[in-house]
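Visitor: A structural model of the following input is requested.
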Amino acid sequence: MTFPLTWLYVPGDRPAVVRKALVSGADVVIVDLEDAVAPDRKAYALAATADLLADPQPVPVHVRIHSPRDIPCLASLPGLCGLRVPKVTHATDIHRIAQAVPGVPLFPLLENALAVEHAYAIATAHPSVRGIALGEADLRADLGVRDDSGLDWPRSRVVVAARAAALPPPAQSVHPDIRDLDSLAASCARGRALGFLGRAAIHPRQLPVIEQAYLPTPDEVAAAEEVVKAAETEEGALALPDGRFVDAAVVEGARRVLTLATRG
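Guide: Model prediction:
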């Protein structure tokens, strides 16, 4: 199992930037047809993206659509690996999209209070849903949140909903300041503590900071190796020599740590 840690957004109306993103080291490239593209450039962005995705690409490419009207141009393209669906508020929103693109992985974006309240219903709306995430810029405006800590509850809500739906842990929303890498690292540490895994980025310089923040430390790797080794020799719940109690959930978490460690 692989765990993407970096998801790089690029504007769909800038094909040269998209091509650079494909070799940036990002685990997933997200071609944006929504917020990053001016209204008078939407049609060009869609056509350029369809041209790109006529062939498979070196890394998975997702598209954040602007409207369901974009879907017929994208649905059967061999380079399309997923659709990011903005402003989803109900499970029925996903039903309609899934019918239009059968088999294409869907990633609903929850961007207002109602969407957060419906997080689990959206996460389980259709087998094509492979992950959920917050759209924090719109959510912040909808809630009138002034301080970043005001988003801790919605963040935890989406983490819990994803886990309950047996989906991967969500990736954090973008950090808008591409120059302040120290602030990005601190924000990633907070996101990791809340249960996120990886983060969306808007500039390649953010990628190594995100990856480093989400890779396990040497101490975490050593602790995980101890847990897995103990689980291989005994069945059921067990206690480690230092007194820590280990059960199946702890072992599963330790194995995920070791999987992540192989990326470093």
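Visitor: where does the stretch 151-264 of the chain have low pLDDT?
Guide: 234-237, 239, 241-243, 264 (pLDDT under 70).
Visitor: number of residues surrounding Ala189?
Guide: For Ala189, the tally of surrounding residues (other C-beta atoms under 10 Å) stands at 11. To be clear about C-beta, it is placed using only N, CA and C from the backbone, and glycine gets the same treatment.
Visitor: what are the boundaries of the strands in the stretch 1-150 of the chain?
Guide: Per DSSP state E, counting those that start in this stretch, the stretch 1-150 of the chain carries strands over the ranges 6-11, 28-32, 61-64, 80-85, 106-110, 133-134.
Visitor: can you tell me which of those is nearest to Val257?
Guide: Comparison of those against Val257 by C-beta to C-beta identifies strand 6-11 as nearest, at 18.1 Å.
Visitor: each with direction, which strands does that closest one pair with?
Guide: Paired strands of strand 6-11, with direction, are strand 28-32 (parallel), strand 199-201 (parallel) (DSSP bridges).
Visitor: please identify which of those strands is closest to Val101.
Guide: It is, among the strands paired with strand 6-11 and with distance given as C-beta to C-beta, strand 28-32, at 15.2 Å.
Visitor: residues in contact with that closest one?
Guide: Residues outside strand 28-32 that contact it (C-beta atoms under 8 Å, 6 or more residues apart in numbering): 4, 6-12, 18, 21-22, 49, 52, 57, 59-64, 81-82, 84, 200.
Visitor: same thing but 6 Å
Guide: 4, 7-12, 18, 21-22, 49, 59-64, 84 (C-beta atoms under 6 Å, 6 or more residues apart in numbering).
Visitor: list buried residues within the residues you listed.
Guide: Neighbour-count burial (16 or more other C-beta atoms under 10 Å) applied to the contacts of strand 28-32 gives 7-12, 18, 21-22, 49, 59-64, 84.
Visitor: what helix or strand does Glu211 sit in?
Guide: Element membership of Glu211, judged by DSSP states H and E, is helix 207-214.
Visitor: and that helix, what does it pack against?
Guide: Counting contacts by 3 or more C-beta pairs under 6 Å, 6 or more residues apart in numbering; DSSP states H and E, helix 207-214 packs against strand 6-11, helix 181-194.
Visitor: cutoff 8 Å now
Guide: Packing partners of helix 207-214 (3 or more C-beta pairs under 8 Å, 6 or more residues apart in numbering; DSSP states H and E): strand 6-11, helix 181-194, strand 199-201.
Visitor: switch those over to CSV; also include distance to Val104.
Guide: Output for these, formatted as CSV (distance: least, C-beta to C-beta, whole Å):
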stretch, distance to Val104
strand 6-11, 17
helix 181-194, 27
strand 199-201, 19
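Visitor: deepest of these, which one?
Guide: Of all those, strand 199-201 carries the top mean neighbour count, a mean of 26, counting by mean count of other C-beta atoms under 10 Å.
Visitor: what does that strand contact?
Guide: 5-9, 26, 30, 133, 171-175, 188, 191, 206-207, 210, 213-214.
Visitor: let me see the contact set for the most centrally placed residue in the chain.
Guide: The chain has Ala171 as the residue nearest its centroid, 3.4 Å off, counting by C-alpha atoms, centre = their mean. Going by C-beta under 8 Å, 6+ apart, Ala171 touches 4-5, 7, 131, 133, 196-200.
Visitor: what ranges do the helices span in this structure?
Guide: Listed in chain order, the helices of the chain (DSSP state H) span 15-21, 42-52, 71-74, 91-100, 113-117, 119-123, 136-143, 152-164, 181-194, 207-214, 218-233, 248-261.
Visitor: mind checking how far Cys81 is from Asp55?
Guide: For Cys81, the distance to Asp55 equals 13 Å [C-beta to C-beta, to the nearest Å].
Visitor: more crowded one of the two?
Guide: Ranked by neighbour count (other C-beta under 10 Å), Cys81 and Asp55 place Cys81 first, with 19 against 9.
Visitor: returning to that earlier point: packed most tightly, which of the helices of the chain would that be?
Guide: Of all those, helix 119-123 has the most neighbours on average by mean count of other C-beta under 10 Å, namely a mean of 22.
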